[in-house]
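Chemist: I'd like to go over a predicted model; first the sequence, then the structure.
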Amino acid sequence: MKRSRRTVALVMCAALAVAVAASAVAAAAYKTGRYEGTTSQGHQIGFKAKKRGVKNFAFTVDVPCTDGTTQALRATGAAAPTNDKGKFKAVFAGLGTTVAKGKLKRRKASGTIKSTGVVNQETGASCPDNGVDWSARKQ
């Protein structure tokens, strides 16, 4: 009887150790440092990945407007926490609201940028955005 309790206790301790180790690996599923890449429109994107988040974003997107023109949006700054899967969502305010969503995995990152409420500064036309994909690699 004592031997089976001891075995159960050892199995439970081993399971706990595996769970703790797995959560540590999940938290370190991406490399920290500077990431740089391009958007599907060919513009540069860059940011810094920290242990628990991302910061110092810089990117430009061209948002198509209803009158056939485009409005260039340059976003800088912003920070966002990462979840245990390396996902994040950074929000920028300016000419409307721009949201950069993404996921970090190992030495790569990818995601989408979407803008809402944008108005062309020259023509006053509404500029609904259908989203821009992006990808980046650790430098």
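Modeler: Alright, I've got the coordinates.
Chemist: Show me the strands in the protein, by range?
Modeler: 33-39, 44-50, 53-64, 70-81, 87-94, 96-105, 108-116, 132-138 (DSSP state E).
Chemist: Any chance of a markdown table for these, columns mean pLDDT, distance to Thr123 and mean neighbour count?
Modeler: C-beta: built from backbone N, CA, C; applies to glycine. Output for those, formatted as a markdown table (pLDDT from 0 to 100; distance: least, C-beta to C-beta, whole Å; neighbours: other C-beta atoms under 10 Å):
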| stretch | mean pLDDT | distance to Thr123 | mean neighbour count |
| --- | --- | --- | --- |
| strand 33-39 | 98 | 23 | 16 |
| strand 44-50 | 97 | 26 | 19 |
| strand 53-64 | 94 | 12 | 19 |
| strand 70-81 | 92 | 9 | 16 |
| strand 87-94 | 92 | 18 | 16 |
| strand 96-105 | 94 | 15 | 20 |
| strand 108-116 | 96 | 17 | 19 |
| strand 132-138 | 98 | 21 | 18 |
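Chemist: what's the distance between the residue nearest the centre of the chain and Ala80?
Modeler: The centroid of the chain falls nearest to Gly102 when counting by C-alpha atoms, centre = their mean (2.9 Å). Per C-beta to C-beta, to the nearest Å, Gly102 is found 9 Å from Ala80.
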